[in-house]
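Engineer: Prediction below, plus the sequence it came from.
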Amino acid sequence: MKSIVFSPNALLFLFLSSCGVYSFTGASISPEVKTISIQTFFNNAQLGPANMSNLFTEGLKDYFQQNTSLTIIDNEGHLQFDGYIDKYTLTPVGAGASGRSNQIDYAQLTRITIVVYATYTNVIDDTFNYEKKFSFFKDFDQEEVDLSSVEEEFVEEIFDQIIIDMFNESVANW
């Protein structure tokens, strides 16, 4: 009679894949949770690109599609997101000197900060529900970068981090 020998890695893989609630993205989703609904995050910020609402909402949907097996539905999913883009600010964070007596000094380093207000509802387990503001920023050098040419790229970079934070807060339980 032949015996089967499993390596520790194989045993760990079998254990993790058999429990059905862990994924390698860090998501810890109950097996009863099958659907997610993500409402449009409207832009309430006074500044920023006009398409921020669409960029954020579609980015959030894409992230959940790529990192979970949940089905996105229009309304009343097992997991539900709602919210809005609250603020978009440009703040000087580093001074620069013009080097000339007839010119004024300027803000060389500028920070774009975006704040998103999100409501998350888990209809299966309400202990994970939250209403929270998420924010992130990107610094850039005004001497080297023309904001109008890279603003959308910066906004997407900021949104990527906010989406990761929302994902971790909702289904990764970090």
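Structural biologist: Yes, it's here.

Engineer: give me the low-pLDDT residue ranges for this structure?
Structural biologist: Along the chain, the model assigns pLDDT under 70 to residues 1-27, 95-107, 173-174.

Engineer: Show me where it has its strands.
Structural biologist: For the chain, the strands identified by DSSP state E occupy 35-38, 42-43, 71-72, 79-96, 106-122, 130-141, in order along the chain.

Engineer: buried residues in the longest one?
Structural biologist: Read it as strand 79-96. Of the residues in strand 79-96, L79, Q80, F81, D82, G83, Y84, I85, D86, K87, Y88 count as buried by neighbour count, 16 or more other CB atoms under 10 Å. Any C-beta I mention is one placed from the backbone N, CA and C, and that applies to glycine too.

Engineer: Buried residues, the helix ranked longest in the chain. List them.
Structural biologist: Under DSSP state H, the helix in the chain containing the largest number of residues is helix 147-167. By neighbour count with 16+ other CB under 10 Å, helix 147-167 contains the buried residues E151, F154, V155, I158, F159, I162, I163, I164, D165, M166, F167.

Engineer: contacting residues around stretch 121-137?
Structural biologist: Under the criterion CB atoms under 8 Å, 6 or more residues apart in numbering, residues 30, 32-33, 76-80, 82, 86-87, 111-120, 158, 161-162, 165-166, 169-171, 173 lie in contact with stretch 121-137.
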